[in-house]
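Asks: Okay, predicted coordinates and the sequence, questions at the end:
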Amino acid sequence: MALRARDVMTTRVVTVGPDDPVSVAVHKMTELRYSALPVIDRRFRLVGMISLIDVLRHREDGGSDSTRVSAVMNPDVLSVPPRASLSLLAHRLRSYGELRVMPVVDGSTLVGVVTRSDLLRVRTRPGPLGRLIERVKGGDDLDRLAAPPPGRRRGATLPATSPVREAMTTEVVTARAFELIDVVAERLVEGRHKSLPVVDDQHRLTGLVSEADILGKEPLSGRSSGRTVGSVMTKDVVTLSPDDSIGSARLLVAEHGLRMVPVVEGGRLVGVLSRSDLV
């Protein structure tokens, strides 16, 4: 029986209201490591989506975090009904570059969300017996909704003149070009990463592999079995130097819609800078 959106969606969805200040949305996204949040009204109707890139662009235009979410969110939201097939979901998440979260709407009411990570779970989940055990233990929902691992404690927003090295994450999870796609897909799912830098034996950056790269043109076909990261990774990678300013990094991320930028010094990977590091 073909899986539908309702079979893989997360139903306990973190949201914000259109009248909430942007600061509330930023707090939820950075603390829970979400890239975007659905915006719902008092009747639980979906009215928009707000993402970290929306916030960065808002700030680059001189906007304040006291501004209402409704003024910053994207009101033109692409959604699917609970009965939508996973192939349709996969196609939309793969085709729309910045779209990582797909709201699931019944009528006009938000009932769940599906992310690219949820689709990777379908690809990497165990067989029927293993899935039954997961359901009995509650593994699927608990893992999907679990709090993220502790990371660098965030303080006040750094000045635009500060160097990137003061905001970047230095303990970086990476991939290797010779690794199998399915192995790296599990690493992405388990660590709730959206993309991973690809390095060689000398820790030199050779590429970047993302959820979208792994899902490919036929996300649920399983044809990636046996293929390596090197065959799907992006090789032309935009990078930063640890001495670049936070201001230039924000502008780069806002203009190009980047989720994560590797930080390279002398050809070697020394850290990564994500949208959440910049807000």
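Replies: Perfect, thanks for sending it. Residues are numbered from 1 along each chain as shown.

Asks: quick one, what contacts the closest residue to Gly230 other than its chain neighbours?
Replies: The shortest distance from Gly230 to any non-neighbouring residue, by CB to CB, 6 or more residues apart in numbering, is to Ala177 (3.5 Å). Bear in mind the C-beta positions are built from the backbone N, C-alpha and C, glycine included. By CB atoms under 8 Å, 6 or more residues apart in numbering, the contact list for Ala177 reads Val198, Asp200, Thr206, Gly207, Thr228, Val229, Gly230, Met233.

Asks: try 10 Å this time
Replies: Taking CB atoms under 10 Å, 6 or more residues apart in numbering, we find Ala177 in contact with Val198, Val199, Asp200, Thr206, Gly207, Val209, Thr228, Val229, Gly230, Ser231, Met233, Lys235.

Asks: And those residues, which of them are buried?
Replies: Val198, Val199, Thr206, Gly207, Val209, Thr228, Val229, Gly230, Met233 (16 or more other CB atoms under 10 Å).

Asks: Which of the residues you listed fall within strands?
Replies: Among those, the residues falling in strands (DSSP state E) are Val198, Val199, Thr206, Gly207, Val209.

Asks: do you know how far the second one is from Ala167?
Replies: Same thing as Val199. From Val199 across to Ala167, the span is 21 Å (CB to CB, to the nearest Å).

Asks: With the fourth one instead?
Replies: Summarising the geometry, the distance separating Gly207 from Ala167, computed by CB to CB, is 23 Å.

Asks: where are the low-confidence patches of the protein?
Replies: 1, 95-99, 122-156, 216-226 (pLDDT under 70).

Asks: Contacts only, for the residue positioned nearest the centre of it.
Replies: Geometric centre of the chain, nearest residue: Lys194, 4.5 Å, by CA atoms, centre = their mean. Listed by CB under 10 Å, 6+ apart, the contact set of Lys194 reads 33, 35, 100, 115-117, 188, 210-212, 259-260, 274-275.
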